[in-house]
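K.L.:
build the 3D model from these lines:
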Amino acid sequence: MTETPIVDQLVAHVLGARFEDLDALALAKARTFLLDTLGVGVAGSSGASIDALIATVRRWGRGEEATVWVTGERLP
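P.N.:
Numbering: from 1, shown residues only. Next comes the predicted model:
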């Protein structure tokens, strides 16, 4: 008998999860993480070295993999 790969088990778990299944602590942690991510992204979008960072990424080539927050530019 073959065992289901762990990634398939994880995907099945995530797809089967419902909002109602989350407890108050999980929701609080998710809100904190989301707000932190947004805050860091917005603050970093105007950081002292952001122009140099974007110029570096532009030299990596063409791509559509990522969207630069605030400007909307698509980069690899």
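K.L.:
where is the longest helix in this protein?
P.N.:
The residue-count maximum for a helix in the chain (DSSP state H) belongs to helix 24-44.
K.L.:
tell me which other helices or strands that helix touches.
P.N.:
For helix 24-44, the packing partners by 3 or more CB pairs under 8 Å, 6 or more residues apart in numbering; DSSP states H and E come out as none at all, with no helix or strand in contact. No exception for glycine: its C-beta is placed from N, CA and C like everyone else's.
K.L.:
and the next helix-or-strand element following it, average pLDDT?
P.N.:
Moving toward the C-terminus from helix 24-44, the first helix or strand encountered (DSSP states H and E) is helix 50-58. Per-residue pLDDT over helix 50-58 has a mean of 88.
K.L.:
got the angle between helix 50-58 and helix 24-44?
P.N.:
In terms of direction (axes from the mean of the first three to the mean of the last three CA atoms, to 10 degrees), helix 50-58 departs from helix 24-44 by 100 degrees.
K.L.:
residues in contact with helix 50-58?
P.N.:
The list of residues contacting helix 50-58 from outside it, by CB atoms under 8 Å, 6 or more residues apart in numbering, reads 44, 68, 71, 73, 75-76.
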